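Asker: the following comprises the amino acid sequence and a computationally predicted model.
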Amino acid sequence: MGDRSGKHRCDVAVGPAFQAHISDAINRFSYLHPSIEIEIGPEVISLFAESTDDVGDLARDLQFALYRQKIYAETLALRKTLIEGVMGR
């Protein structure tokens, strides 16, 4: 990673229910916030931002990405079945 001196760090705890979804959530988060450096630990994801103003919003956005990915993964089979039923396949 790049030089983190002068950057503000924000740690976001990740519970066991979200561990399987970290990779996909980080991909989406990185697309939305390309300038943010990310460090993934066993139970915490650390975000490094230029400004303290960004830190609260970044933590919220990462938590939303994790939650969204979890819901997506858990409902995928249901959505596939529903689409197949509607389309008559």
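Answerer: Looks like it came in fine. Numbers count the residues shown, from 1 in each chain.

Asker: give me every residue that touches residue 43.
Answerer: Shown in contact with residue 43 (CB atoms under 8 Å, 6 or more residues apart in numbering): 13, 14. C-beta: built from backbone N, CA, C; applies to glycine.

Asker: so what does it look like in phi/psi?
Answerer: With angles defined as degrees, to the nearest 10, residue 43 sits at phi -130, psi 0.

Asker: ok, residue 36 next?
Answerer: Dihedral angles (degrees, to the nearest 10) for residue 36: phi -90, psi 130.

Asker: need the contact list for it.
Answerer: Per CB under 8 Å, 6+ apart, neighbours of residue 36: 29, 30, 47, 48, 49, 54, 58.

Asker: so how far is residue 17 from it?
Answerer: With distances taken as CB to CB, to the nearest Å, residue 36 is found 24 Å from residue 17.

Asker: repeat that for residue 5.
Answerer: 35 Å.
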